[in-house]
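Trainee: I would like to see how this sequence folds:
(chains A and B)
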Amino acid sequence: MVRLLKTIFLWDLLQGLWVTFRNQNPKYICTEQYPSERPKIAERYRGAPRLNINPDNGETLCIACNLCALACPENLIVVGSARNEETRRKELSYFTYDTSRCMFCGLCEDACPVDALELTQDFELASYTRDGAIWDRQMLEEGPKPSKYLS
Amino acid sequence: MPESTFLDVNELVLNMGPQHPSTHGVLRVILKLDGETVTGTECVIGYLHRGVEKIAENRTYIQFAPYVDRMDYVAAVSNGLGYCLAIEKLLNIEAPPRAQAVRVILTELNRITSHLLWLGTHALDIGAITPVFYCFRDREEALKIFENYCGARLTTHAFRIGGLQYEVYDGFEQEVRAFCDMFIPKVDEYEELLTNNRIWVNRLKGVGVLTGDECKEYGVTGPVLRAAGVKWDLRKAQPYSGYEQYDFDIPTAQNGDTYDRYTVRMEEMRQSVRIMRQAIEKIPAGPIMAKVGKVVKPPAGEAYVSIEAPKGELGYYVVSDNSTQPYRVRVRPPSFVNLQALDRMVRGGLIADVVAIIGTLDIVLGEVDR
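Mentor: You can find the predicted model right below:
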């Protein structure tokens, strides 16, 4: 009898509609208004690569050991080094990082012995050209500068 | 009796996919129809083939780890666990207990995210639009834990050979506990939306029946097998990564139809929460990484390790020739094997049932094609 009444009065459908109605409470809104509202990025987020510089003297931390290039599964890091004749030390001459092929696995970051290469919290990596995705040393040190369309 | 003409031939061949939204990716099914009744199917796969197994032969053992996440991309953590366990077996080492506990927590969390994505899209295929919003809202909470833990949400690369790369962050335990407390009422909410809903029940009951014996013949594993009444779960049958310490049930159902597969998966999410609750209470202290050199060079030999991924038995067969690169990596993906049973399940059904059955098999084409 109860079952028949439940069938006639569409109890199962009302039960579902009640869930929908309950969730209309404004305190359950979870939409993020990107880009005007910046998303919270985790501290360990693996985003845009950055080549750290020593904040004291502005010199790069990279010692051109080539370990990141060897660790990379996609072989997208190219490290160039030259010997400085005055100090007799190997110094970084160029560093390219192809972000278009990067899958942000973090293996280069793990391999770096001096914490020079780091994957940062920047996530806006779009560029207008394909060449723009290949980052040189200057770009890696300064970080990406995404256009801001909203003030 | 006049001779039959072409007008008498009722068979119609219809191409479903690869762009059809309910094929969950790029599956192409050639349907042979008599009216609206399906008389036969043929699956065409390979649209997402990337040659992952071949890539493995050109990468070192450590370098290949991020690629396995890209096979079953909704359950990347499980894939990583299977691969790491296989290499650890080759190296004859075991991850420390602390790493194992964290691995169990993250894998079970991943099982929940995978099942939530399945529930949302499956309901969407059937025509229930509401659940997908709730599923994705709650999946987001789990993905945030992944992001906080290892820095990526989907293709996580969370585990390394021999243990973990990252120590758990401050507040990990609280966040997992909060997720567990938050999640059980949400499962009840999904059940309220769907379980008794007459449209849902009528669309699913008795559709795509696969009996236990048929499941065994096809090699089907996972929730599809358990819905047919076979109590088989690799977490119980051959425990890995310390699953023998945890107390949980294997949910089963009897009929083996699409509705039973739905109930089994819903119950599995509850059991996952149960495992996570037990694991989070006793994460042992200690190291998170076993002694593994910078260069992984296993002795020559082979190893097969299978784990219970959200979709079924996920196996990795790795052959080593004592070099830094694997000689061969063969993956036994659950989706690929489960997809075989599609023809048996849809035969005699309607076109609308094909959509329901593809949804209930919970295939991921990245894993089918690899």
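
Trainee: For B:I363, which non-adjacent residue is closest in space?
Mentor: Nearest in space to B:I363, with sequence neighbours left out and distances taken as C-beta to C-beta, 6 or more residues apart in numbering or on different chains, is B:S335 at 4.2 Å. For glycine as for every other residue, the C-beta is placed from the backbone atoms N, C-alpha and C.

Trainee: For the helix or strand hosting the one you found, which residues meet the burial criterion?
Mentor: Element membership for B:S335, per DSSP states H and E: helix B:334-340. By neighbour count with 16 or more other C-beta atoms under 10 Å in any protein chain shown, helix B:334-340 contains the buried residues B:P334, B:S335, B:F336, B:V337, B:N338, B:L339.

Trainee: Just put those residues in JSON lines and tack on pLDDT.
Mentor: Listed next are the buried residues of helix B:334-340 as JSON lines, based on pLDDT from 0 to 100:
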{"residue": "B:P334", "pLDDT": "90"}
{"residue": "B:S335", "pLDDT": "89"}
{"residue": "B:F336", "pLDDT": "90"}
{"residue": "B:V337", "pLDDT": "90"}
{"residue": "B:N338", "pLDDT": "89"}
{"residue": "B:L339", "pLDDT": "89"}
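
Trainee: Enumerate the residues of chain A near chain B.
Mentor: For chain A, the residues in contact with chain B (C-beta under 8 Å from any C-beta of the partner chain) are A:7, A:12-13, A:15-16, A:18-20, A:23, A:30, A:42-46, A:71-73, A:103-107, A:110, A:119.

Trainee: Select only the buried ones of the residues you listed in PyMOL?
Mentor: PyMOL command restricting the residues of chain A next to chain B to the buried ones, with burial defined by 16+ other C-beta under 10 Å:
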select buried, chain A and resi 12+16+19+42+44+45+46+71+72+73+103+104+105+106+107+119
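
Trainee: taking the residues of chain A next to chain B one by one, which sit in strands?
Mentor: Within the residues of chain A next to chain B, residues falling in strands by DSSP state E are A:L119.

Trainee: Please enumerate the helices of chain A.
Mentor: In chain A, the helices defined using DSSP state H lie at A:2-8, A:11-22, A:67-71, A:107-111, A:137-142.

Trainee: Next, the residue in the stretch 251-370 of chain B positioned nearest to chain A: secondary structure please.
Mentor: Residue of the stretch 251-370 of chain B nearest chain A, by C-beta to the nearest C-beta: B:K294 (8.6 Å). Counting by DSSP: H, G, I helix; E, B strand; the rest coil, the backbone at B:K294 sits in coil.

Trainee: what about it, how many neighbours?
Mentor: Neighbours of B:K294 under the rule other C-beta atoms under 10 Å in any protein chain shown: 8.

Trainee: Could you report the separation of it from B:K311?
Mentor: Remark: distance between B:K294 and B:K311 (C-beta to C-beta, to the nearest Å) = 34 Å.

Trainee: Do you have the helices of the stretch 251-370 of chain B handy? List them.
Mentor: Assigned by DSSP state H, counting those that start in this stretch, the stretch 251-370 of chain B shows helices spanning B:258-281, B:334-340, B:342-346, B:351-361, B:365-369.

Trainee: can I get those in a markdown table with distance to B:L234?
Mentor: Below are the helices of the stretch 251-370 of chain B laid out as a markdown table (distance: least, C-beta to C-beta, whole Å):
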| stretch | distance to B:L234 |
| --- | --- |
| helix B:258-281 | 13 |
| helix B:334-340 | 11 |
| helix B:342-346 | 23 |
| helix B:351-361 | 19 |
| helix B:365-369 | 17 |
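
Trainee: List the contacts of the nearest residue to B:W200 once chain neighbours are set aside.
Mentor: Closest residue to B:W200 in three dimensions, ignoring its sequence neighbours and counting by C-beta to C-beta, 6+ apart: B:L194, at 4.9 Å. Neighbouring residues of B:L194 by C-beta atoms under 8 Å, 6 or more residues apart in numbering or on different chains: A:G16, B:A123, B:A128, B:P131, B:W200, B:Y262.

Trainee: in a helix, that's where the fourth one is, yeah?
Mentor: Yes. Secondary structure assignment (three-state DSSP) places B:P131 inside a helix.

Trainee: Check the burial of it by counting its neighbours.
Mentor: Number of residues near B:P131 (other C-beta under 10 Å) recorded here: 23.

Trainee: Quick check: residues of the stretch 1-150 of chain B near chain A?
Mentor: So far as C-beta under 8 Å from any C-beta goes, the stretch 1-150 of chain B lies against chain A at B:59, B:62-67, B:70, B:130, B:134, B:137, B:140, B:144, B:147-150.

Trainee: for the contacts of B:L194, which one is nearest B:Y166?
Mentor: When the contacts of B:L194 are ranked by distance to B:Y166 (C-beta to C-beta), B:P131 comes first, at 32.9 Å.

Trainee: mind listing the strands for chain B?
Mentor: For chain B, the strands defined by DSSP E occupy B:11-16, B:28-34, B:37-44, B:159-160, B:163-164, B:301-309, B:312-320, B:328-332.

Trainee: can I get the ones you listed in JSON lines with mean pLDDT, mean neighbour count and distance to B:M269?
Mentor: Listed next are the strands of chain B as JSON lines, based on pLDDT from 0 to 100; neighbours: other C-beta atoms under 10 Å in any protein chain shown; distance: least, C-beta to C-beta, whole Å:
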{"stretch": "strand B:11-16", "mean pLDDT": "84", "mean neighbour count": "12", "distance to B:M269": "30"}
{"stretch": "strand B:28-34", "mean pLDDT": "87", "mean neighbour count": "17", "distance to B:M269": "28"}
{"stretch": "strand B:37-44", "mean pLDDT": "87", "mean neighbour count": "16", "distance to B:M269": "28"}
{"stretch": "strand B:159-160", "mean pLDDT": "88", "mean neighbour count": "26", "distance to B:M269": "22"}
{"stretch": "strand B:163-164", "mean pLDDT": "85", "mean neighbour count": "23", "distance to B:M269": "24"}
{"stretch": "strand B:301-309", "mean pLDDT": "90", "mean neighbour count": "20", "distance to B:M269": "14"}
{"stretch": "strand B:312-320", "mean pLDDT": "91", "mean neighbour count": "23", "distance to B:M269": "16"}
{"stretch": "strand B:328-332", "mean pLDDT": "90", "mean neighbour count": "19", "distance to B:M269": "24"}
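
Trainee: Cool, thanks, talk later.
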